[in-house]
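Q: Mind looking at a prediction? Sequence and model below.
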Amino acid sequence: MAVNTPNAAYTATAPKWRRCRDAIAGQDTVHAAGEVYLPKLGGQTKDDYDAYVKRASYYNASGRTVDALVGLVFRRDPVIEAPEALSDIIDDVTGSGVSVADFGKNSMTEVLSVARGGILVDHPVSDGSIVTVAQARSLGLRPRWQHYSAESIIDWKTASIGGRTVLSQVRLREIGEEADGEWDVGFYERIRVLELDEQCLYRQRVFREVGGLWQVVEIAEPLIGGRRMDWIPFHIASADIAVGFDPAMPPLLDLVDTNLSHYRTSADLEYGAHYTALPTPVLSGYRPEPGNENKPIYIGPSSAIIFSDPQGKASFLEYAGQGLGALERLLAAKESRMAALGARMLAPEKKAAEAAETEAIRRAGENSALASIAGSVSATLTNALKDLVRWASGNANADVSNVWVDLNRDYLPMTLTAQDIDALVRAWQSGGISAEDMHSAFVRGEVVEAWRKREDVEADLKAEAMRNPQPAPQPEPEPVS
């Protein structure tokens, strides 16, 4: 088996990934796939089939659903906790201008699309002259994240070390570039192997096919603070943490399959409408004059058709069957099914007002599934951020207990009213709730931004009170007897 051979789980899941990718990408991609999603009708020539595809309309419910769900998660900024000294890295975690928040949005999109994605925490290799972390950062040599799609993670192995199941090897497919002449660029496949060696220490090997054989062209043994690592800094985001490192079922696969079925029905409806919508003139008993057999027949108020047969007649043949109506009803049924599976923007809005509690219950299933995925992605981003902090600090044993990324899991706006705020403050003043509970309620009620800590809010209130002191309340005068 060659190093670029994917494992069995990858091979079994890859067709599902392709369907999801194509369906979410939209009409151009679905059309380009041709018979993969729209089989050719019997007897169709290539030109007939090309016209059949062009008339077919693809309604991208899958892509719109992903956009809508990601929008719900990021309607509030993620809460990111990390050392203040690393703020510049947090704002540019890839070295190419992508912040942790933007990286998280991409990860959420990937997991909703194909249920999988990977983050490699890596560090550029120096020439050996750099001694301190400060020197490395001054030269732009700092740890960074690199995203790997589900299709790039071709194999993975686990091992039990210290009573824990950990990644012991990951194989990643990459596309390299090299100059091909003065102006052209050539592309080639390479496989990056992340692994724990015989001493359970982390190393990277890069393979490239040379002369028909895969050969090692690069070996690296990354260091933190001058010491090799005993773990692989690669983190897999999944839609279902229960499956471990194996691929999970794409969360929108049922919607994708219904969307593609809707596309085929739409193609049949457009095809049928094309051939049946226009009335066809019918002439019965008409005989052209001798010598005019090939002369065109014109219809309209300025033309006359002369019948030699007195029994002759003219009429229009019009479609009056029910076949197209059945296709229209089938499309409507599939749109309703897509709405139930997640494409809520396709469902008609309710005309009657709905109580807030009823609306919350109606969306509870969708929100809980989305919240679970957001929690899984948050955990992956957190683990990757902890590795970045360890590397940036130059200490593999750095305290990272207060480092995390938390994506929003509240998808129903529940803005507090003035009466709600007054009741919360009174409850706190009377000792019914703690200051932390009150702050949490204000965050959930969108009175206070999620990223603001209670201590920061209290400090701002004290500073505001010092700038604008309020006069002490005066005692009420005693009533005159």
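A: Perfect, I can see it now.

Q: Could you pull up phi and psi at residue 180?
A: Backbone dihedrals for residue 180, given as degrees, to the nearest 10, come out at phi -130, psi 80.

Q: That one: how many residues sit nearby?
A: 10 (other CB atoms under 10 Å). From N, CA and C alone the C-beta is placed, and that goes for glycine too.

Q: Also residue 2?
A: 9.

Q: So for it, what's the nearest residue that isn't a sequence neighbour?
A: residue 214 (5.6 Å; CB to CB, 6 or more residues apart in numbering).

Q: Verify the stated contact: the one you found with residue 205.
A: No. Judged on CB atoms under 8 Å, residue 214 makes no contact with residue 205 at a distance of 10.7 Å.

Q: So residue 188 lies in a helix, does it not?
A: No. Counting by DSSP: H, G, I helix; E, B strand; the rest coil, residue 188 is located in no helix; its state is strand.

Q: Give the helix, strand or coil label for the nearest residue to it once chain neighbours are set aside.
A: Nearest non-adjacent residue to residue 188, counting by CB to CB, 6+ apart: residue 176, 5.1 Å away. Following three-state DSSP, residue 176 is assigned to strand.

Q: Now the closest residue to residue 229 other than its chain neighbours: phi and psi?
A: For residue 229, ignoring the flanking residues on the chain, the nearest one in space by CB to CB, 6+ apart is residue 202 at 4.2 Å. Taking degrees, to the nearest 10, you get phi -80, psi 140 for the backbone angles of residue 202.

Q: Next, count neighbours for residue 202.
A: Neighbours around residue 202, by other CB under 10 Å: 20.

Q: what bridges to it?
A: For residue 202, the beta-bridge partners are residue 196 (DSSP bridges).

Q: on that earlier part again, which strand residues bridge the residue nearest to residue 2?
A: residue 209.

Q: Just list the residues touching it, thanks.
A: For residue 214, the contacting residues are 2, 3, 4, 191, 207, 208, by CB atoms under 8 Å, 6 or more residues apart in numbering.

Q: Between the two ends of stretch 227-244, how far is it?
A: 29 Å (CA to CA, to the nearest Å).

Q: Please state the offset of it from the chain centre?
A: 20 Å (CA atoms, centre = their mean, to the nearest Å).

Q: Now for residue 13: which residues touch it?
A: So residue 13 contacts 150, 247 (CB under 8 Å, 6+ apart).

Q: if we go to 10 Å?
A: By CB atoms under 10 Å, 6 or more residues apart in numbering, the contact set of residue 13 is 6, 114, 115, 116, 150, 151, 246, 247, 248, 249, 250.

Q: cool, and residue 17?
A: Contacts of residue 17 were listed using CB under 10 Å, 6+ apart, and they are 10, 113, 114, 115, 116, 149, 150, 151, 247, 250, 253.

Q: Please identify the helix or strand for residue 331.
A: Element membership for residue 331, per DSSP states H and E: helix 323-341.

Q: and that helix, how far out from the chain's middle?
A: On CA atoms, centre = their mean, the centre of helix 323-341 falls 26 Å from the chain's centre.

Q: Which residue ranges of the stretch 151-300 of the chain form strands?
A: Assigned by DSSP state E, counting those that start in this stretch, the stretch 151-300 of the chain shows strands spanning 153-161, 164-180, 184-196, 202-210, 213-220, 223-224, 227-228, 234-238, 280-284.

Q: per-stretch mean pLDDT over these, give me the minimum one.
A: Here the lowest mean pLDDT among the strands of the stretch 151-300 of the chain goes to strand 280-284, at a mean of 74.

Q: So which other helices or strands are in contact with it?
A: When contacts are defined as 3 or more CB pairs under 10 Å, 6 or more residues apart in numbering; DSSP states H and E, strand 280-284 packs onto strand 313-317.

Q: low-confidence ranges in the stretch 351-481 of the chain?
A: Along the stretch 351-481 of the chain, segments meeting pLDDT under 70 span 351-368, 412-416, 444, 446, 449-454, 456-458, 460-481.
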